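Chemist: what shape does this take:
(one chain, ligands or ions: 1)
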Amino acid sequence: MRETLQLVRCDPVKTEIKPTDVRLLTASRVLEIEWADGRRSRYAFPLLRSRCQCTECKSTILRNGQEALAPNENVAIVNVLPVGSYALQLFFDDGHDRGIFPYAYLRELDKQL
Ligand SMILES: [Zn+2]
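Modeler: Numbering: from 1, shown residues only. Predicted structure coming up:
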């Protein structure tokens, strides 16, 4: 059920606001995104790592009965690539590189910060 809802929410035509600028601030260990509507979001590296939504992380979260992965405070992001026109792929220095973060999800995360 939840999966279906997320698909609707991530509909790129209807709801997506795209980034105009994506920066890795390695000194402050923050991913900064400027959005087309003028908003600027800043995400700490450990937060993004703990909120990874890939199959592997989701199953770990389910198995442990938690809402998110335990944060690794030392984790860093070493690269960011756009995925199509709807998401960013984040490469973490703990070897984890399968995290796809749809723009809609990143905006949702920003609201919770
Ligand atoms: Zn993951």
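Chemist: quick check: beta-bridge partners of the residue most central in space within the chain?
Modeler: Nearest to the mean C-alpha position of the chain, by C-alpha atoms, centre = their mean, lies Phe101 at 3.8 Å. For Phe101, the beta-bridge partners under DSSP bridges are Leu88.
Chemist: how about the contacts made by it?
Modeler: 48, 52-53, 87-90 (C-beta atoms under 8 Å, 6 or more residues apart in numbering). For the C-beta atoms, the positions are set from N, CA and C on the backbone; glycine is no exception.
Chemist: per-residue pLDDT, it?
Modeler: Phe101 is assigned 96 on the pLDDT scale.
Chemist: all numbers from here: first residue = 298
Modeler: Noted, 298 is the first residue going forward, which turns the last one into Phe398.
Chemist: Arg404 and the ion, how far apart?
Modeler: Distance of Arg404 to the ion, given as C-beta to the ion, to the nearest Å: 19 Å.
Chemist: likewise for Pro343?
Modeler: Distance from Pro343 to the ion, counting by C-beta to the ion: 13 Å.
Chemist: with Asp407 instead?
Modeler: Taking C-beta to the ion as the measure, Asp407 and the ion are separated by 19 Å.
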